[in-house]
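# What would the 3D arrangement of this be:
(chains A and B)
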2 protein chains.
Amino acid sequence: MVKIVLDCFGGDKSPKENVLGAVEALKEVKDLYLILTGDKAIIEQKLSGLSYDEDRLSIEHAPDVISGEEKPTAAIRNENSSMMKAINLLKTQSDVDGMVSLGSTGALLAGAFLKVGRLNNVIRPAFCPILPTMKGTFVGICDSGANAECTPEYLHQFAIMGSEYMRITYGVETPKVALLNVGTEEHKGDPLRQKAYSLIKSTECINFVGNMESRTLLTGDMDLVVCDGFSGNVLLKSTEGACLEMLKMFKQVFTSSLKNKLGALLLKKSIMEKKDYMDYRNYGGAVMLGTKKIIVKCHGNGIAKTVKNCIIQAYKMQNGGINQAIEEKLAKYAPRKQSAE
Amino acid sequence: MVKIVLDCFGGDKSPKENVLGAVEALKEVKDLYLILTGDKAIIEQKLSGLSYDEDRLSIEHAPDVISGEEKPTAAIRNENSSMMKAINLLKTQSDVDGMVSLGSTGALLAGAFLKVGRLNNVIRPAFCPILPTMKGTFVGICDSGANAECTPEYLHQFAIMGSEYMRITYGVETPKVALLNVGTEEHKGDPLRQKAYSLIKSTECINFVGNMESRTLLTGDMDLVVCDGFSGNVLLKSTEGACLEMLKMFKQVFTSSLKNKLGALLLKKSIMEKKDYMDYRNYGGAVMLGTKKIIVKCHGNGIAKTVKNCIIQAYKMQNGGINQAIEEKLAKYAPRKQSAE
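Purely as a prediction, here's the structure:
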């Protein structure tokens, strides 16, 4: 039995969609046990009338919710919040394998760092979201916000942890790993990139395809992008932002005249398919890699389907032995040295 | 008379489009003098049959071309290349006001740094491209590749130089300046961003609107983004890349069935207008800010219209007194201190 905690509050549509997602996940996976954290009365109310296996679900009461505006380091001091209750369960209960939250990313990262702790040999846990590519594959971005300042050794470990993640969760046998840089040639970039390049290149277990420029992110030519958390965050959000603005622009075109409306009507089915394909709510979430327990950050705007996908993602990671794989690979190829911290 | 040097080689369609662009610029602006660098016989051949004011054009012979593959620091040692000839004219001839090149960005940046030198008080020159926004305005990204590693003092100066550039070249009276960060709240980001935030915020001549996330780049909510050269490069290229992939995706939809083709036919005019609006070849180029002379980098794929736009951009910058404005503003608000270098 895999045991996952679901933070039932914090998302835009919580707790309703969280609870629905939990019930759907229980239906889909039979050896899954869920602990729901949050206001017990409200969660019970949302559960009433739903059909699910009651032996595989329990509730841990936590009356408070962390808002997106709270400063993460302050927010994590509120032990009565649904998120901190979930994090504390991860920390204290050895049989709890992972958690899913739709709440504040900052608070989740801070809680993960300070309370859950790192796996053996991990210098710094990293945050790794995924995007769908034009080839129908996924690309992971590691790190994407947990570590604004990095050393070459961090990036080296991100390449290994991210590879294991893409392999275990998305079934990519030998994930193609690229280093985010300002050009593709080997000598490009600042000393951080140059040193990371040679560390990654000389590591047998990484399928390194070299430097990449950010313009190729969505081509599907790589499965994992390795970068510092600041530029990874810029990469992720500018790509999302540009796609969104383009969709808006086309929408404007589609409705700007009667003729255009007619044209759009003919295209509607195909465009909705593409839009659906790009909709992050149809996928899982971003994960923390390198923490002692599995942590999945579901998009704050997630719906029941998204929550369910994130729970199943955590389940797959646990079943695939992600943390053991990371520890083994790091011990062999990139052990933590005191001097690299 | 404004005197601009045009590097006639190095672009994908050079020298033909470069020469055509030069002739068009001379027709449009009457107090403009152009020096064309490159293989004299070939340039003369391209000029033959074209009608232009011969008193306002001369050629400086340079038989070689710098390729995109050459390492910049090695490339700039070839004094016989059309680009280095242009840079040397900037350096040695006091009446030459600026240059335009379609060649290797790396070589141009290296040449600008090492040969042309900085204006008074400039710590580091910055590279500033522009993108069209969804509001029909332009947004500048400063720095976007010249300085991978920055100090808060660099970013402070980029905000001032970029503001002067947007004001003088694009007529934005008080350009809205945002600092690229991983969140919008004041406390966000690493120490570099936090210190730059307070420097920029406390500078009267900057219309600072605070931190921005990269997803809002194209909204038109800001006129200038201030960032280190590494993340600026990521921002620019990921935005371009995502827009391009979205266009490809829509193109695929438009041709995937007879019904879709018919729909696309109805939309064609409006979509071509939008595509045209986003086509960088219809605008000027990226500029170096803070160098002693004006330097405009035209896109390597530029056509005659692009070259003409870049020449006129350089002309406008010179006529608007960009370099005097930068020197004055820096002297008053952000003088260079030895310790900040």
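# all contacts plus neighbour counts: C-alpha atoms, from now on.
Fine.
# Next, the residue in the stretch 1-150 of chain A that chain B sits nearest to: secondary structure please.
The nearest approach of the stretch 1-150 of chain A to chain B comes at A:Ala148, 6.2 Å away (C-alpha to the nearest C-alpha). Here A:Ala148 is recorded as coil under DSSP: H, G, I helix; E, B strand; the rest coil.
# ok, it - contacts?
A:228-231, B:189-190 (C-alpha atoms under 8 Å, 6 or more residues apart in numbering or on different chains).
# buried subset of these?
Buried members of those, scored by 16 or more other C-alpha atoms under 10 Å in any protein chain shown, are A:228-231, B:189.
# What's the local residue count around A:Gln93?
By the criterion of other C-alpha atoms under 10 Å in any protein chain shown, A:Gln93 has 9 neighbours.
# residue contacts, it?
Per C-alpha under 8 Å, 6+ apart, neighbours of A:Gln93: none.
# Check it and give its pLDDT.
Listed pLDDT for A:Gln93 reads 96.
# Tell me where chain A has helices.
A:16-28, A:40-47, A:72-75, A:82-92, A:105-111, A:152-170, A:191-201, A:229-254, A:258-278, A:304-319, A:322-333 (DSSP state H).
# Name the stretch from these that approaches B:Glu24 most closely.
Among those, helix A:229-254 comes nearest to B:Glu24, with 32.3 Å by C-alpha to C-alpha.
# what's the weakest-modelled helix or strand in chain A?
Within chain A, no helix or strand scores below helix A:72-75, which has a mean of 82 by mean pLDDT, DSSP states H and E.
# Could you double-check that A:Asn181 sits in contact with A:Glu213?
Yes - with contact defined as C-alpha atoms under 8 Å, A:Asn181 counts as touching A:Glu213 (5.6 Å).
# Now do the shared contacts for those two.
Shared contacts of A:Asn181 and A:Glu213 (C-alpha under 8 Å, 6+ apart): B:Val234.
# and these two? which has more neighbours close in?
A:Asn181 (27 against 18).
# Phi and psi next, for that one.
phi -150, psi 180 (degrees, to the nearest 10).
# Quick one: the helices of chain A as a markdown table, columns for distance to B:Gly171 too.
Listed next are the helices of chain A as a markdown table, based on distance: least, C-alpha to C-alpha, whole Å:
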| stretch | distance to B:Gly171 |
| --- | --- |
| helix A:16-28 | 49 |
| helix A:40-47 | 56 |
| helix A:72-75 | 41 |
| helix A:82-92 | 49 |
| helix A:105-111 | 39 |
| helix A:152-170 | 43 |
| helix A:191-201 | 38 |
| helix A:229-254 | 25 |
| helix A:258-278 | 34 |
| helix A:304-319 | 46 |
| helix A:322-333 | 54 |
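# what's the closest of those to B:Leu262?
Using C-alpha to C-alpha, those put helix A:258-278 closest to B:Leu262, at 7.2 Å.
# Quick one: list the elements packing against that closest one.
helix A:229-254, helix B:229-254, helix B:258-278 (3 or more C-alpha pairs under 8 Å, 6 or more residues apart in numbering or on different chains; DSSP states H and E).
# any idea of the angle the last one forms with helix A:229-254?
Read it as helix B:258-278. 120 degrees (axes from the mean of the first three to the mean of the last three C-alpha atoms, to 10 degrees).
# Show me which positions of helix B:258-278 end up buried.
Neighbour-count burial for helix B:258-278 [16+ other C-alpha under 10 Å]: B:260-264, B:266-268, B:270-271, B:277-278.
# Residues in contact with it: which ones?
A:250, A:253-254, A:259-260, A:262-267, B:132, B:253-255, B:282.
# Leaving out sequence neighbours, find the closest residue to A:Ser214.
Closest residue to A:Ser214 apart from its sequence neighbours, by C-alpha to C-alpha, 6 or more residues apart in numbering or on different chains: B:Ser238 at 4.7 Å.
# so the one you found makes contact with A:Ser238?
Yes - the pair B:Ser238 / A:Ser238 is scored as a contact, 6.4 Å apart, by C-alpha under 8 Å.
# What parts of the stretch 101-250 of chain A come near chain B?
Within reach of chain B by C-alpha under 8 Å from any C-alpha of the partner chain, the stretch 101-250 of chain A has these residues: A:134, A:145, A:148-149, A:181-182, A:189-190, A:213-219, A:230-231, A:233-235, A:237-243, A:245-246, A:249-250.
# got any ranges where the stretch 1-150 of chain A has weak pLDDT?
Nowhere does the stretch 1-150 of chain A drop to pLDDT under 70.
# Many thanks, I have nothing further to ask.
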